[in-house]
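>>> Need coordinates for the following:
(one chain, ligands or ions: 3)
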Amino acid sequence: MTNADLTLPTLAELHALGPAQQPTYADPAARDAVVDRLRTMPPLVFAGEADQLREKLAAVARGEAFVLQGGDCAETFAGVNADNIRNKLRVLLSMAVVLTYAASVPVVKLGRMAGQYAKPRSSDDETRDGVTLPAYRGDAVNGFDFTPEARRHDPQRLMEVYHASAATLNLARAFTQGGYADLRQMHAWNTDFVRNSPVGARYESIGAEIDKALAFMDAIGVDPDELHTVDFHSSHEALILEYEHALTRTDQRTGDLYDVSGHFLWIGERTRQLDGAHVELLSRIANPVGIKLGPTTTPDDALAYARKLNPHNVPGKLTFITRFGAGKIRDLLPELVAKVDGAGVSVAWVCDPMHGNTFATENGYKTREFDDVIDEVRGFFEVHRSVGTWPGGVHVELTGDDVTECVGGGSRLSAADLTHRYETLCDPRLNRAQSLELAFLVAQMLRER
Ligand SMILES: O=C[C@H](O)[C@H](O)COP(=O)(O)O
Ligand SMILES: C=C(OP(=O)(O)O)C(=O)O
Ligand SMILES: [Mn+2]
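Residues are numbered from 1 along each chain as shown. Ligands and ions are numbered 1, 2, ... in the order given. Take a look at the predicted model:
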């Protein structure tokens, strides 16, 4: 048994806990109709798949595997097309190959994909040229256009989240199981604009070594399935209670509850109140779950989260995703890790080096400096090394396209360069080259351990 209590609180009971960051729907009857309809929809993922992922994350908690979790800050309905999904998948697959090959460690691949449509925001409103409207909260809630109609919270969008997630998952399953993820295709994942960069060349040279190894295996008649398909899992922040509640179902095999909107769900930094609705809901499900821990998290908080979210201390059930910022991680993380480890809590530790390192440029772009991102990962490795725990993975906001949203990296993007292709609707993502560079640097940190 992975959870404490097999009953599901009602939506009304969850709302009575005063959840943060929820949409305000003007028409409760329209909202209820959407929720009722969602309750009848087939599961997007299967409970058995969530169990398999939990087993893989158990290996991470034991120090035997590494998590690569990545994707957009905010997926969009407009982004549900083959090119966009393929580009994200291939950057993740390329990064996973670099990590697996260069660091000889199994990589658990988790997309921030097929459900990542709802955003918590710092402010409820946005003002432009003296006009104030509700803030954009992700395509799950409202539209990005700065008009009163677009910014209205519309419950019908939850139905669209379901369909967009289904379409994305369907293509991801086809890509990862249907031949495209074959290791022999790894050169094809390297797109032109990266191939001609130093990091692209480095990737191609790993590719040449892998080709040699594959030819050798061919010659001796070894051809394992693992070379042809990839295990890929979906994840998103479980933010909108209506949506996650409607997709929480009892598994016929075990009688346990699963949130079938994704394989892995996490609780965000802004909704991690210990007695709050998000922690309550995710404490009832058997999926592997994560919780973002920012710099205000005390060691006792972390122990309380573990007791609540994983009362039976099941390995692989709980992931702590720390997001302290490069300037704080070395000071604040050691005590947290030491206390959790000392209490015998089984947890996978994952580093989100993005959300503690966001700043605005003088020309008004929300950005992150590539060196800060790397420095936070480095700090994460240092802390785990000093405590004697396993740095279990990274969680990054990235895209498969050649966008200009984060400064720095091999091509030294400057603040002025951000004007070229700044396309995110929420937080700045690493572009494809920056993502591959990060993979090489993390592989090196793993090797040096
Ligand atoms: O993705 C995370 C949050 O939604 C995001 O960082 C909030 O950004 P904001 O401060 O612009 O609202
Ligand atoms: C909202 C996010 O992060 P955090 O909850 O850590 O701020 C996110 O992952 O996009
Ligand atoms: Mn974000």
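>>> interface residues of the stretch 201-350 of the chain facing ligand 1?
By Cβ under 6 Å from any ligand atom, no part of the stretch 201-350 of the chain sits against ligand 1. Just so you know, the C-beta spots here come from the backbone N, C-alpha and C atoms, and that holds for glycine as well.
>>> residue boundaries of the helices in the stretch 201-350 of the chain?
241-246, 277-283, 299-309, 329-342 (DSSP state H, counting those that start in this stretch).
>>> Tell me which of the ones you listed sits nearest to ligand 2.
Of all the helices of the stretch 201-350 of the chain, it is helix 277-283 that lies closest to ligand 2, at 10.7 Å by Cβ to the nearest ligand atom.
>>> Which other helices and strands does that closest one contact?
Packing partners of helix 277-283 (3 or more Cβ pairs under 8 Å, 6 or more residues apart in numbering; DSSP states H and E): helix 11-15, helix 241-246, strand 264-267, helix 299-309.
>>> Centre of the chain to it, how far?
Relative to its parent chain, helix 277-283 has a centroid offset of 18 Å by Cα atoms, centre = their mean, to the nearest Å.
>>> picking up where we left off before, compile the helices and strands packed on helix 277-283 into CSV and extend it with columns for distance to T404.
CSV is the format used below for those (distance: least, Cβ to Cβ, whole Å):
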stretch, distance to T404
helix 11-15, 40
helix 241-246, 32
strand 264-267, 28
helix 299-309, 36
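>>> Low-confidence bits of the stretch 201-350 of the chain, can you list those?
By pLDDT under 70, the stretch 201-350 of the chain has no low-scoring segment.
>>> Return the distance of the residue of it found nearest ligand 2 relative to Y305.
Closest approach between the stretch 201-350 of the chain and ligand 2, counting by Cβ to the nearest ligand atom: G268, at 3.1 Å. Distance from G268 to Y305, counting by Cβ to Cβ, to the nearest Å: 13 Å.
>>> Quick check: nearest residue in space to the residue most central in space within the chain, chain neighbours excluded?
The chain has R112 as the residue nearest its centroid, 3.7 Å off, counting by Cα atoms, centre = their mean. In this structure, R112 finds its nearest non-sequential neighbour in G71, 3.1 Å apart by Cβ to Cβ, 6 or more residues apart in numbering.
>>> Wait, that neighbour touches G111, no?
Yes. Under the criterion of Cβ atoms under 8 Å, G71 makes contact with G111 at 5.0 Å.
>>> anything in contact with each of these two?
Counting by Cβ atoms under 8 Å, 6 or more residues apart in numbering, the common neighbours of G71 and G111 are 88, 92.
>>> where does the residue nearest to the centre of the chain land on pLDDT?
As predicted, R112 sits at a pLDDT of 98.
>>> Does anything pack onto the helix or strand encompassing it? Which helices or strands?
Taking DSSP states H and E as the definition, one finds R112 inside strand 107-112. Using 3+ Cβ pairs under 8 Å, 6+ apart as the contact test, the elements touching strand 107-112 are helix 47-61, strand 66-71, helix 82-103, strand 232-237, strand 393-397.
>>> Save those as a markdown table, and put in mean neighbour count and distance to ligand 2 too.
Shown next, in a markdown table, are the helices and strands packed on strand 107-112 (neighbours: other Cβ atoms under 10 Å; distance: least, Cβ to the nearest ligand atom, whole Å):
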| stretch | mean neighbour count | distance to ligand 2 |
| --- | --- | --- |
| helix 47-61 | 20 | 18 |
| strand 66-71 | 26 | 10 |
| helix 82-103 | 21 | 15 |
| strand 232-237 | 26 | 6 |
| strand 393-397 | 26 | 7 |
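>>> Nearest to E369, out of those?
Closest of the helices and strands packed on strand 107-112 to E369 is strand 393-397, at 13.9 Å (criterion: Cβ to Cβ).
>>> now the angle from the closest one to helix 47-61?
Taking axes from the mean of the first three to the mean of the last three Cα atoms, to 10 degrees, one finds strand 393-397 and helix 47-61 inclined to each other by 120 degrees.
>>> What helices and strands are in contact with strand 393-397?
Short answer (3+ Cβ pairs under 8 Å, 6+ apart): strand 393-397 packs on strand 66-71, strand 107-112, strand 348-351, helix 432-448.
>>> Is ligand 1 within reach of it?
No. Using Cβ under 6 Å from any ligand atom, strand 393-397 never reaches ligand 1; the gap is at least 7.6 Å.
>>> Residues contacting that strand, please?
Applying Cβ under 8 Å, 6+ apart, the external contacts of strand 393-397 come out as 60, 66-73, 108, 112, 321, 323, 348-354, 373, 377, 427-430, 435, 438, 442.
>>> Please apply the same query to stretch 272-283.
3-5, 9, 14-15, 17-20, 238-239, 241, 244-245, 248, 259, 265, 267-268, 271, 289, 291-293, 301, 304-305, 308-309.
>>> Derive a PyMOL selection command for the buried subset of those.
Buried residues among the contacts of stretch 272-283 (16 or more other Cβ atoms under 10 Å), as a PyMOL selection:
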select buried, resi 3+9+14+17+19+238+239+241+244+245+248+259+265+267+268+271+289+291+292+293+305+308+309
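>>> Show the pLDDT at F193.
Looking at F193, the pLDDT reads 62.
>>> which stretch in the helices and strands packed on strand 107-112 is the model least sure about?
Looking at those, the weakest mean confidence is helix 82-103, a mean of 93.
>>> do you know how far H395 is from ligand 1?
To ligand 1, H395 is 12 Å away according to Cβ to the nearest ligand atom, to the nearest Å.
>>> Against D125, how distant is that residue?
29 Å.
>>> ok, now which ones touch V98?
Neighbouring residues of V98 by Cβ under 8 Å, 6+ apart: 203, 206, 436, 439-440, 443.
>>> Repeat the analysis, applying 6 Å as the threshold.
439-440, 443 (Cβ atoms under 6 Å, 6 or more residues apart in numbering).
>>> Just the buried subset of these, written out for ChimeraX, thanks.
A single ChimeraX command selects the buried members of the contacts of V98 (16+ other Cβ under 10 Å):
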select :439,440,443
